[in-house]
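1. kindly generate the corresponding structure for this input.
(one chain, ligands or ions: 1)
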Amino acid sequence: MTLLGAAQIRELAAALDLKPSKSLGQNFVIDSNVCTKIVRTAAVGPTDIALEIGPGLGSLTLALLESAASVVAVEIDPRLAGQLPITVANHFEHPENLTVLNQDALTIQTLPVNPTVLVANLPYNVSVPVLLHLLEKFESLRTGVVMVQAEVADRLAAKPCTKDYGIPSVKAAWWAEVKGAGSVSRSVFWPAPNVDSKLVSFTRRQTPGDEELRRKVFTIIDAAFAQRRKMLRSALSSLYGSSSAAEEILMRAKIDPTLRGEALEIAGFCAIAAVAPDIF
Ligand code: SAM
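-> Modelled structure (predicted):
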């Protein structure tokens, strides 16, 4: 197997007459060592079925095929989705191990296989909703490593009472334990993005409740962080009619109503949801 380097990436793009799209977050990795490192960080093994979102020109896909039993790749751009099986057939002796789906990862509902590990250089403008959607829809995903914008990585892995802690941190914590997994230099991309990148890894954990509770919890999280400087009794007043109604719910949940949302772990939001009326 030969992985793709800068020259091959540029050749492939030229052959497709591809001008990388900003709105689709098309920044392609041109350093094969980075792809190998990502696959190693994700500890992808021979029994894994890897899910890759946004395979692009295939640099990470080839590195994944080297280690996983098979790869299912979801790519929104039809030109890239069409080219990928050809590129893989030219570089890898078992192209049948790859399935490419030309779909939007934000709305995908089913896959032909049950993936065990997510490995992706995510399109940066939709990285959080894509990650949360995949964790919700594909329960078989046990672990993963994704590359995202550095600030987003910090938010996903943030702990309570820090400046980065917010909606992505708490919602991701419903599904998984998330950790930072290192920085990636801008120079490994073509075109070079104007933001820094980081890796985050996740390990799925047992969710704190069922789907009904999750919906309730996520609504409370959205309200709590809508104005993050507000105390919870005031931030949740829009949901429960008044700040005194919100205060009563918080007291019943044994949460100090003068705290801010940023002080609560996912368990605190679950405690509120457990005693709050259903507002749907
Ligand atoms: N994996 C490749 C790499 O590392 O070189 C490309 C990564 S590039 C940052 C993001 C890729 O995601 C692009 O190929 C883009 O077309 C694709 N993409 C953007 N939005 C998408 C979506 N909603 N669903 C699936 N793929 C998407």
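
2. what parts of the stretch 101-250 of the chain come near the ligand?
-> Counting by CB under 6 Å from any ligand atom, the stretch 101-250 of the chain comes close to the ligand at 104-106, 121, 123, 126. Where you see a C-beta, it was placed from the backbone N, CA and C, and this is true even at glycine.

3. highest neighbour count among these?
-> Ranked by the number of neighbours (other CB atoms under 10 Å), these place Asn121 first, at 29 neighbours.

4. what's opposite that residue in the beta bridge?
-> Asn121 forms beta bridges with Met147, as assigned by DSSP bridges.

5. can you read off the pLDDT for it?
-> Per-residue pLDDT puts Asn121 at 97.

6. how close does it sit to Gly241?
-> As defined by CB to CB, to the nearest Å, Asn121 lies at a distance of 45 Å from Gly241.

7. repeat for Ala153
-> According to CB to CB, Ala153 and Gly241 sit 38 Å apart.

8. more neighbours: the two, which one.
-> A direct count of neighbours by other CB under 10 Å for Ala153 and Gly241 places Ala153 higher, at 27 against 12.

9. other SSEs contacting the helix or strand where that one lies?
-> Using DSSP states H and E, the element containing Ala153 is helix 150-156. If contacts are counted by 3 or more CB pairs under 8 Å, 6 or more residues apart in numbering; DSSP states H and E, helix 150-156 sits against helix 127-137, helix 167-175, strand 176-184, strand 197-204.

10. model confidence over the shortest one, on average?
-> Just to be clear, that refers to strand 197-204. 98.

11. partner strands of it, with direction?
-> Applying DSSP bridges, strand 197-204 is found paired with strand 143-149 (antiparallel), strand 176-184 (antiparallel).

12. do a quick rundown of the strands in this protein.
-> Taking DSSP state E to define them, one finds strands in the chain at 28-29, 49-53, 70-74, 98-101, 117-121, 143-149, 176-184, 189-190, 197-204.

13. count the residues that sit near the nearest residue to Leu12 once chain neighbours are set aside.
-> Leaving aside its sequence neighbours, Leu12 sits nearest to Leu57 (CB to CB, 6 or more residues apart in numbering; 4.9 Å). By other CB under 10 Å, 27 other residues sit near Leu57.
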